[in-house]
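Peer 1: give the three-dimensional model of this entry:
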Amino acid sequence: MYVPDHFREDRPDVLHEAVRRIGFATLVTKDLDANHLPMLLDGNVLRGHVARANPVWKQGDGTALAIFLGPHAYVSPNWYPSKAETGKAVPTWNYITVHARGIIRWIQDGEWLRANVTALAQAHEAGQPAPWQVSDAPASYVDSLLRAIVGFELTIETLQGKYKLSQNRDAADRAGVRDAFAREGLTDLARLMDGA
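Peer 2: All right, here's what the predicted structure looks like:
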């Protein structure tokens, strides 16, 4: 990924928080097979699962890349005050992304799979008024579903972040973009721009 210095984000705590907040990634494996999956970060390991019918796990252990794409949106040149003065503005896109590269291993252990599914449900149900739990479904049904998946752990070797949030523009232009995002209800991007 091309990352100019002014868009580079390399603080591990910031990148880990982004991965946790996004929670969904494109997993690219050694045969350039791409799958879109929820994942949980635990320390320096990403965990998730795929359908057993998905042949990706049959590639075996090896290198993999998980791409987390966060909030993103089109940026109109009309939002830059400098456009009215100079006309020197073109459309672009603001976004954050985190790339996690490492070694993936595939897991078929039933207890590991149950723990992974339980952790995913707990993480994503946490904000619900009455969170669903794995134990809410019949045990025989859950057992049959667990036999239909294969888990994975991707141990992160490198973590790279790109936070393209108009840092290459002057303060007035950045404020113009941030205010436009806020008006359009893109509060996540507006908030991220405040910290960029």
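
Peer 1: the residue nearest the centre of the chain: helix or strand, and which one exactly?
Peer 2: For the chain, residue 68 is the residue whose C-alpha lies nearest the centre (C-alpha atoms, centre = their mean; 2.6 Å). Using DSSP states H and E, the element containing residue 68 is strand 62-75.

Peer 1: show me what that strand is in contact with.
Peer 2: With contact meaning C-beta atoms under 8 Å, 6 or more residues apart in numbering, strand 62-75 is reached by 18-19, 21-22, 24-30, 39, 46, 91-104, 154, 166, 177, 180-181, 184, 186, 188-189, 192. (C-beta placed from N, C-alpha, C; glycine too.)

Peer 1: kindly write the PyMOL command that selects the buried subset of those.
Peer 2: Here is the PyMOL command that selects the buried residues among the contacts of strand 62-75 (16 or more other C-beta atoms under 10 Å):
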select buried, resi 18+19+22+25+27+28+29+39+46+94+95+96+97+98+99+100+101+102+104+154+166+177+180+181+186+189+192
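
Peer 1: could I get the full set of strands for this structure?
Peer 2: Here the chain has its strands, by DSSP state E, at 8-9, 24-29, 34-38, 40-42, 45-51, 62-75, 92-107, 149-164.

Peer 1: buried sites along the fourth one?
Peer 2: Read that as strand 40-42. Under the neighbour-count rule (16+ other C-beta under 10 Å), strand 40-42 has 40, 41 buried.

Peer 1: now do it: everything it contacts.
Peer 2: With C-beta under 8 Å, 6+ apart as the criterion, strand 40-42 contacts 16, 19, 20, 23, 46, 47, 48, 116, 119, 120, 123.

Peer 1: which one is the first one nearest to, not counting chain neighbours?
Peer 2: In this case it means residue 16. Of all residues not flanking residue 16 in the chain, residue 41 sits nearest, at 6.1 Å (C-beta to C-beta, 6 or more residues apart in numbering).

Peer 1: okay, the one you found: pLDDT?
Peer 2: Looking at residue 41, its pLDDT stands at 98.

Peer 1: of the strands of the chain, which is nearest residue 2?
Peer 2: strand 149-164 (8.3 Å; C-beta to C-beta).

Peer 1: taking strand 34-38 as reference, get the angle to the closest one.
Peer 2: Computed by axes from the mean of the first three to the mean of the last three C-alpha atoms, to 10 degrees, the angle separating strand 149-164 from strand 34-38 equals 90 degrees.

Peer 1: pLDDT averaged over strand 149-164 - what is it?
Peer 2: For strand 149-164, mean pLDDT rounds to 98.
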